[in-house]
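Trainee: got a predicted structure here, sequence first:
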Amino acid sequence: MNNLEKIKFNSEGLIPVIIQQFDTKEVLMLAWMNKESLEETIKTKKTCFWSRSRKKLWKKGETSGNIQEVKNIKIDCDNDTIIINVNSKGPACHTGKNSCFHNKI
């Protein structure tokens, strides 16, 4: 059994994915993947997500040019969350910030 068979997608067929800059370990964003977007990410070595609002695949950087080159992919001990270490080419956030996590509470 390979690791893909162990993945526990939720009832909507999705899994949360944490995107982290590989060298600084900064958390850049959280997104969702389905099986197809995960397979595309593995194949191309560039992040591809499932857009819940648009109900379609979303290749990070396809319009902005801010791609994320995959360095490694790991799954947590419960097989229900993925973390992907990337080399981010430009801001991860649609606001232009490096990380989506820039608002303090």
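Mentor: That came through fine. Residues are numbered from 1 along each chain as shown.
Trainee: where along this protein do the strands fall?
Mentor: 15-21, 27-33, 48-51, 56-59, 68-75, 82-88 (DSSP state E).
Trainee: so how many other residues sit close to Asp78?
Mentor: 8 (other CB atoms under 10 Å). Where C-beta positions appear, they are placed from N, C-alpha and C, glycine not excepted.
Trainee: distance-wise, check the nearest residue to it once chain neighbours are set aside relative to Pro16.
Mentor: Spatial nearest neighbour of Asp78, excluding adjacent residues (CB to CB, 6 or more residues apart in numbering): Lys8 at 7.1 Å. Going from Lys8 to Pro16 by CB to CB, to the nearest Å gives 11 Å.
Trainee: picking that back up, how about the strands of the chain in TSV, adding distance to His94?
Mentor: Below are these laid out as TSV (distance: least, CB to CB, whole Å):
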stretch	distance to His94
strand 15-21	13
strand 27-33	10
strand 48-51	12
strand 56-59	11
strand 68-75	14
strand 82-88	14
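Trainee: need these in CSV (columns: distance to Asn3 and mean pLDDT).
Mentor: Putting the strands of the chain into CSV (distance: least, CB to CB, whole Å; pLDDT from 0 to 100) gives the following:
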stretch, distance to Asn3, mean pLDDT
strand 15-21, 12, 98
strand 27-33, 14, 98
strand 48-51, 18, 96
strand 56-59, 21, 94
strand 68-75, 6, 97
strand 82-88, 10, 98
